[in-house]
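K.L.:
Mind folding the following:
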Amino acid sequence: MSLKIIRPGLLTSIQDAGRYGYQKIGVLISGAMDTYSMRLANMLVGNDENEGTLEITLLGPTIEFTADTLIAVTGGNFNPIIDGMPVPYMRPVAVKTGAIMKFDSCHTGCRAYLAAAGGFDVNPVMGSKSTYLRANFGGFKGRSLQKNDLLNTGTPHSFGRQMLSALLSRGAQSFAEAKWYIGKTHLSGKILRKPIRVTAGIHYKYFDQQSKYNFFSSEYTVTNNADRMGYRLKGDLLRTENPLEIISEAVGLGTIQVPPQGLPIILMADHQSVAGYPIIAQAIAVDVARIAQMKPNDHIHFKLISNEEGEQLFIEMEKFMENIKIAINAKLQN
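P.N.:
Modelled structure (predicted):
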């Protein structure tokens with residue numbers, strides 16, 4: 001084993017890239033809310049980028065390391081410390097046996113991701129380690145982590161083994177971090193507060209002109225009714241020109257639908273497979289990760305772009321991620 005949960009935090013669960021191929025029978029994709037932060041954490045410890053990580057929400061856990069472990073923390077800033085010393089983000093960190101890691105409440109963003117070299121040794125369900133909390137399966141016993149849970153890690157790949165050995169050879173008391181790190185990401189600086197870019201939804205044309213204007217010119221606020229299934233927003237009401245009766249249709253991550261009361265809902269990682277409300281917009285894949293880092297009372301602005309622009313931004317982000325992976329793998333050769 002490598003980790004013991006001393007305090008679970010508000011909501012800490014194992015999440016990977018998601019459970020694909022089963023929506024046709026009603027099984028949700030789930031997976032990490034901020035997939036880019038999840039992938040980066042895995043890259044930093046030499047895992048497959050879609051390996052399971054700990055997703056930490058709003059208030060972080062306290063963890064005891066029961067074996068020497070290579071970790072990386074990405075995503076929102078929870079000011080983690082190990083034995084009283086600050087733990088740097090966005091780089092490999094070798095933690096020694098017996099060290100205690102504590103996360104604070106979130107200071108920037110909403111969710112952090114902790115990857116351990118070798119991943120977490122839990123049985124995949126339908127090809128995924130992700131926890132689907134409402135159905136109580138996947139992850140660690142189908143639930144969020146609780147006090148005294150013991151998590152085993154798998155066998156690290158060569159990068160993880162070599163990095164752990166190299167860092168610990170410095171003789172650190174509790175942990176040792178790499179001197180290099182990932183710099184600018186999708187959460188850097190003012191990027192988190194930029195407008196969320198969306199494409200027109202399949203029912204966009206049915207909304208009246210005032211609603212279209214309001215959606216893109218006004219500010220919406222994330223309500224307390226925001227979780228892994230979806231974010232309900234507060235702001236100007238949205239209406240279709242005429243009452244719209246639609247057949248339930250497929251929805252996806254980032255779909256923005258408008259129920260009868262007129263306030264939009266952004267569907268997130270645990271979204272249902274079909275929905276019957278009009279869809280005004282679709283958040284582009286690149287920006288869904290930024291939405292996942294928003295918490296109640298945060299403000300959202302939307303910006304309309306074309307499908308082609310959305311596709312190009314996705315391609316550019318994937319190239320950026322691939323370049324990071326190449327750069328990380330080269331570090332052991334320096």
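K.L.:
Look at the residue nearest to residue 47 when sequence neighbours are not counted and report its pLDDT.
P.N.:
In space, residue 47 comes closest to residue 119 once its chain neighbours are excluded; the distance is 5.5 Å by CB to CB, 6 or more residues apart in numbering. Placement of C-beta: from N, CA and C, glycine included. The model reports residue 119 with a pLDDT of 97.
K.L.:
what about dumping the CA coordinates of the longest helix along the chain to PDB?
P.N.:
Ordering each helix of the chain by length in residues (DSSP state H) puts helix 307-329 first. The C-alpha coordinates for helix 307-329 follow below in PDB (Å, rounded to 0.1, in the frame of the first residue of the first chain):
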ATOM      1  CA  ASN A 307     -17.500  24.800 -35.000                       C
ATOM      2  CA  GLU A 308     -14.300  25.100 -37.100                       C
ATOM      3  CA  GLU A 309     -12.800  27.400 -34.500                       C
ATOM      4  CA  GLY A 310     -13.700  25.000 -31.800                       C
ATOM      5  CA  GLU A 311     -12.100  22.100 -33.700                       C
ATOM      6  CA  GLN A 312      -8.900  24.100 -34.300                       C
ATOM      7  CA  LEU A 313      -8.600  25.000 -30.600                       C
ATOM      8  CA  PHE A 314      -9.000  21.400 -29.700                       C
ATOM      9  CA  ILE A 315      -6.200  20.400 -32.100                       C
ATOM     10  CA  GLU A 316      -3.900  23.100 -30.800                       C
ATOM     11  CA  MET A 317      -4.500  22.000 -27.200                       C
ATOM     12  CA  GLU A 318      -3.800  18.300 -28.100                       C
ATOM     13  CA  LYS A 319      -0.500  19.400 -29.800                       C
ATOM     14  CA  PHE A 320       0.400  21.400 -26.600                       C
ATOM     15  CA  MET A 321      -0.300  18.300 -24.400                       C
ATOM     16  CA  GLU A 322       1.800  16.100 -26.800                       C
ATOM     17  CA  ASN A 323       4.700  18.600 -26.600                       C
ATOM     18  CA  ILE A 324       4.500  18.600 -22.800                       C
ATOM     19  CA  LYS A 325       4.700  14.800 -22.800                       C
ATOM     20  CA  ILE A 326       7.700  14.800 -25.000                       C
ATOM     21  CA  ALA A 327       9.500  17.400 -22.900                       C
ATOM     22  CA  ILE A 328       8.800  15.400 -19.700                       C
ATOM     23  CA  ASN A 329      10.100  12.200 -21.100                       C
END
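K.L.:
Straight-line length of stretch 276-293, end to end?
P.N.:
By CA to CA, to the nearest Å, the extent of stretch 276-293 from end to end equals 27 Å.
K.L.:
and the residue lying farthest from the centre of the chain, what does it touch?
P.N.:
Taking CA atoms, centre = their mean, the residue of the chain most remote from its mean C-alpha position is residue 242, at 37.3 Å. For residue 242, the contact set (CB atoms under 8 Å, 6 or more residues apart in numbering) comprises residue 206.
K.L.:
So for it, what pLDDT did the model give?
P.N.:
86.
K.L.:
what lines up beside the lowest-mean-pLDDT helix or strand in the chain in the sheet?
P.N.:
Ranked by mean pLDDT, DSSP states H and E, the weakest helix or strand in the chain is strand 249-250, scoring a mean of 83. Sheet pairing of strand 249-250 (DSSP bridges) gives strand 274-275 (antiparallel).
K.L.:
Let me know the average pLDDT across stretch 126-139.
P.N.:
Mean pLDDT, computed over stretch 126-139, is 94.
K.L.:
In that stretch, which residues are buried?
P.N.:
The neighbour-count check on stretch 126-139 (16 or more other CB atoms under 10 Å) flags 128-133, 137-139 as buried.
K.L.:
again with stretch 285-296
P.N.:
Residues 285-295 are the ones in stretch 285-296 that count as buried (16+ other CB under 10 Å).
K.L.:
Same check on stretch 317-328?
P.N.:
Residues of stretch 317-328 classed as buried: 317, 321, 324-325, 328 (neighbour count, 16+ other CB under 10 Å).
K.L.:
Helices of the stretch 151-300 of the chain, start to end?
P.N.:
158-168, 209-217, 285-292 (DSSP state H, counting those that start in this stretch).
K.L.:
what angle separates the last one from helix 307-329?
P.N.:
Interaxial angle, helix 285-292 versus helix 307-329 (axes from the mean of the first three to the mean of the last three CA atoms, to 10 degrees): 80 degrees.
K.L.:
Which other helices and strands does helix 285-292 contact?
P.N.:
Applying 3 or more CB pairs under 8 Å, 6 or more residues apart in numbering; DSSP states H and E, we find helix 285-292 packed against helix 35-44, strand 196-200, helix 307-329.
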